[in-house]
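> Quick one: sequence plus predicted model below, questions after.
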Amino acid sequence: MFFDVTTLYFERIDTDELRALGFSKDCKFKEVQVVLALVTTTKGLPITYKLFPGNTYEGGGTLMEMVKDLQTQYAIKHILLVADRAMFNEDNLSFMESLGIQYIVAAKLKALPKSLKADILHADYNEEVMEDELHGLKESERPYSPLRLKKIHQH
């Protein structure tokens, strides 16, 4: 499943328990907003969503709260969660590992240790890891194509 968080702003200044001033990705710093967390299937179909107050840090508890809600609402046995680099922090990664959740979370290469960066950029490592993660999935279920990624790394 895919997890993402975004902000939605309002053209008004009234605040309440949900609409609040917060970090605006749209540069609307004087507008109130809410934070929307969304979980979708690999085909982009929504599974669930949750609104958080507009001053919520998206990389904070949004992911943890959504996963807990999913586990409460649905009998999901295996989760492979894909998220952007806003979710790449020690709390989120430790949380997912503690629950046995497999994950793919984007990270800035510059922020990674040199040894890990070298492994990631090594072509054989990429192909082997990708094939392990994607084994058994139909092509239509794969969030990305190993062949496409290999071509990207060759350029």
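Cool, got the structure.

> Any figure for the gap between Leu80 and Leu51?
Counting by C-beta to C-beta, to the nearest Å, the separation of Leu80 from Leu51 is 25 Å. (C-beta placed from N, C-alpha, C; glycine too.)

> ugh, typo on my part, it should be Met87
18 Å.

> more neighbours, those two?
Higher neighbour count among Met87 and Leu51: Met87, with 25 against 13, using other C-beta atoms under 10 Å.

> tell me the phi and psi of that one?
Backbone torsions of Met87, given as degrees, to the nearest 10, read phi -90, psi 0.

> next one: the one 4 residues further on
The phi and psi torsions at Asp91 (degrees, to the nearest 10) take the values phi -60, psi -50.

> That one touches Thr62, doesn't it?
No. Asp91 lies out of contact with Thr62 (C-beta atoms under 8 Å); the separation is 11.1 Å.

> With neighbour numbers in mind, choose between the two.
For Asp91 versus Thr62, neighbours defined as other C-beta under 10 Å are more numerous around Thr62 (23 against 13).

> Let me see the contact set for the more buried one.
By C-beta atoms under 8 Å, 6 or more residues apart in numbering, the contact set of Thr62 is Val5, Val35, Ala37, Lys50, Phe52, Thr56.

> and the second one, that's in a helix?
By that I understand Val35. No. Read with DSSP: H, G, I helix; E, B strand; the rest coil, Val35 is strand and lies in no helix.

> For it, which non-adjacent residue is closest in space?
Closest residue to Val35 apart from its sequence neighbours, by C-beta to C-beta, 6 or more residues apart in numbering: Phe52 at 4.1 Å.

> swap in the fourth one?
Here the nearest residue to Lys50 in space, its sequence neighbours aside, is Ala37; by C-beta to C-beta, 6+ apart that works out to 5.0 Å.

> just Ala106 next, same as before
What sits nearest to Ala106 in space, not counting adjacent residues and going by C-beta to C-beta, 6+ apart, is Arg85, at 4.2 Å.

> Local confidence estimate at that neighbour?
Residue-level confidence at Arg85 comes out at 84, pLDDT.

> neighbours around it, how many?
Neighbour count of Arg85, defined by other C-beta under 10 Å: 12.

> Can we start the residue count at 28 from this point?
All right, first residue 28 from here; so that's Arg112.

> Give me the buried entries from the contacts of Thr89.
Buried residues within these, counting neighbours by 16 or more other C-beta atoms under 10 Å: Val32, Val62, Ala64, Phe79, Thr83.
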